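> Below: sequence and its predicted model.
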Amino acid sequence: MLGLLSVLFAILILVLDGTLMNVAMVNVAADLKISLSDLQTLITFYSLVMGALMLLGGKLADVLGRKKIFMLGVALFGIGSLISALSSKSWQLLLGWSIIEGIGAALMMPASTSLIVDSFKGKKRALAFGLWGGIAAAGAALGPVVGGYITTYYSWRYAFLMQVVVAVFVLLGAFKLRESAPLKGTKIDFIGALLAGLGVTSIIYASLKAWEYGWFKAKKSVEIAGINLAFFNISLTFWLMVAGVILLLLFVVWQRRCKYPLLNLEIFKNWDFTSAIVFVTVLNLAQAGLFFVLPIYFQVLFNLTPLKVGLYLLPITVGVLLTSAIGSRWSRSSKFTIVLGLILSLIAGVILFNIIDTKLEYVKFVPVFILLGAGLGFVMSQITNVIMSAVPAKYAGEASGVNSTLRRIGSSLGTALVGTVFFSYTEDKLRPLANTLHLPSLDVRIVAEVIRHLPAAVSARLFDSFAVVVVDGIKRVSIFTIVILFVVVVWALFVPLRVENNDKS
């Protein structure tokens, strides 16, 4: 039990760490005397380091021992958190958070699910994966509350110090975990790791910068050594996406020829595994979009603090915790549990579309957020077990690396697509107002702040029009998310999504 708790707390601090910087951005930038754009670069770099090394992290766990790699990841994560907490310069935060924590996370995440495969069988494994999924989903909702509270009443540095303390306890508990037998007669494929890392990095970076650079037609030029990288006036995003796909295709070709491949491509011949991986990638795309616009709605239109936004979203966590524990006990009905969760999420999405308005009536949101959380809890309680049980245990690290990488890509693409839908619409509608007021930016946050500081009569009139634009933009995003969720529901009806015989895996 102590070993399982160490894995769960490791996932919790990973998820909390991912949300901390989003909440504390303004405070961190002011403290380190850097711009928000510079800080955004550090956040982007963290995502790139983690995403690029997930596959390698999974393979290292299989080859060297999952417990060893997990504990190494936790130790690096703790060291990175300590450096981040003590940083007084941006380069120190880059080193501690973006690089060392990013590497630690890439080692921890794949090893965590592999260790559950090693340590548990049957119903106990289903329960462990249910708790793993519930903690991951609940952590995403709790992150703004914890980060907002610490940042508002103490300092963002204490959040990193909290992670150091948790990392120490995780390391102590990890000694109780069972070590896997390292794979014999194999080596690390560093060429494959380089190709996969560069390919994933290109796709994630392109997604994160899509709104700034444009998806196809170049919105801005990007120059290196005087060379404009937006060739033929086509966005750097497009070229990076193309480069990423080519690199990943080269990776696949290399894996077929390599004597000791980084990733055994045979696992993709298992339809249960492949269908579940595609499913979870698309699902993460939809979830990322939803959690992107909800904070914008509450913060921009109603001027709520990050802490209050986190508290407003707390019912989602309640729903997740209620159903993840229940759903984990239904491993024999994994498909039913997942489809039920998707339908509940889809219903919640449709209701949200109808209740989002320029006037806030929060009491309407509470049951919908609980319903949304309940749906996520049911899905998360089963999907990781479905993925990991579909492959033999000796490939658990590789399967976990694929799972973690594609989830990261799905989330990045979801945020990018939703950001494009929302900001394209709002900027187009707000351009006349921005020209009239000589606004420095069309960002809805800046527009809202400027309008609030105008004389009361003018402010009230303009803000009503502004709020309609923002709500309409969010409703367009909601339609996009609802369509994706509907596609995922249909997809779920036609794929296995079953938990295989755990004894074979």
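Looks like it arrived, so ask away. Numbers count the residues shown, from 1 in each chain.
> Quick check: the gap between the closest residue to residue 414 other than its chain neighbours and residue 28.
Leaving aside its sequence neighbours, residue 414 sits nearest to residue 288 (C-beta to C-beta, 6 or more residues apart in numbering; 3.2 Å). (C-beta placed from N, C-alpha, C; glycine too.) Distance, residue 288 to residue 28, by C-beta to C-beta, to the nearest Å: 22 Å.
> Quick check: the residue nearest to the spatial centre of the chain vs residue 230, distance?
The centroid of the chain falls nearest to residue 411 when counting by C-alpha atoms, centre = their mean (5.0 Å). Going from residue 411 to residue 230 by C-beta to C-beta gives 26 Å.
> Over to residue 265?
Where residue 230 is concerned, residue 265 sits at a distance of 35 Å (C-beta to C-beta).
> Next: residue 454.
Counting by C-beta to C-beta - residue 454 and residue 230 are separated by 37 Å.
> neighbour-wise, which of those two wins?
residue 230 (20 against 14; other C-beta atoms under 10 Å).
> Report the mean confidence score over stretch 357-372.
For stretch 357-372, the mean pLDDT works out to 92.
> scratch that, stretch 193-204
pLDDT averaged over stretch 193-204 gives 91.
> Contacts for stretch 326-339 next, please.
Here stretch 326-339 makes contact (C-beta atoms under 8 Å, 6 or more residues apart in numbering) with 123, 126-131, 133-134, 341, 377-383, 385-386, 489, 492-493, 496-499.
> So how do I select the buried members of those residues in PyMOL?
If you want just the buried ones from the contacts of stretch 326-339 in PyMOL, going by 16 or more other C-beta atoms under 10 Å, the selection is:
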select buried, resi 126+127+128+129+130+131+133+134+341+377+378+379+380+381+382+383+385+386+489+492+496+497+498+499
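> Report the buried residues of stretch 357-376.
358, 365, 368-376.
> Show the residue spans covered by the strands in the chain.
Counting by DSSP state E, the chain has strands at residues 223-224, 227-228.
> Pick the most deeply packed of those.
Of these, the one with the most neighbours on average (mean count of other C-beta atoms under 10 Å) is strand 227-228, at a mean of 10.
> Describe which strands it pairs with in its sheet and in which direction.
In the sheet, strand 227-228 lines up against strand 223-224 (antiparallel) (DSSP bridges).
> Show me how the chain divides into domains.
2-188+262-424+476-493, 189-261 (automatic domain parsing).
> tell me the most buried of those domains?
domain 2-188+262-424+476-493 (a mean of 21).
> about what we covered before: looking at the domains of the chain, which is closest to residue 434?
domain 2-188+262-424+476-493 (13.1 Å; C-beta to C-beta).
> what about that closest one, start to end distance?
37 Å (C-alpha to C-alpha, to the nearest Å).
> cool, and stretch 167-187?
Note: stretch 167-187 ends 30 Å apart using C-alpha to C-alpha.
> Same question for stretch 246-265.
17 Å.
> which other residues reach that stretch?
Contact with stretch 246-265 is made by 55-56, 59, 186-189, 191-193, 195-196, 198-200, 202-203, 395, 398, 401-402, as judged by C-beta under 8 Å, 6+ apart.
> Do a quick rundown of the helices in the stretch 101-250 of the chain.
Remark: helices assigned in the stretch 101-250 of the chain by DSSP state H, counting those that start in this stretch are 102-119, 122-153, 156-174, 190-208, 210-213, 236-257.
> Let me know the average pLDDT across the last one.
Read that as helix 236-257. Mean predicted lDDT for helix 236-257 stands at 93.
> and the angle for it with helix 190-208?
Computed by axes from the mean of the first three to the mean of the last three C-alpha atoms, to 10 degrees, the angle separating helix 236-257 from helix 190-208 equals 160 degrees.
> thinking again about what came up before, in helices only, show me the buried residues of stretch 357-376.
365, 368-376 (DSSP state H).
> so can I have CSV of those showing distance to residue 92?
Shown next, in CSV, are those (distance: C-beta to C-beta, whole Å):
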residue, distance to residue 92
365, 40
368, 42
369, 38
370, 41
371, 43
372, 38
373, 37
374, 42
375, 41
376, 36
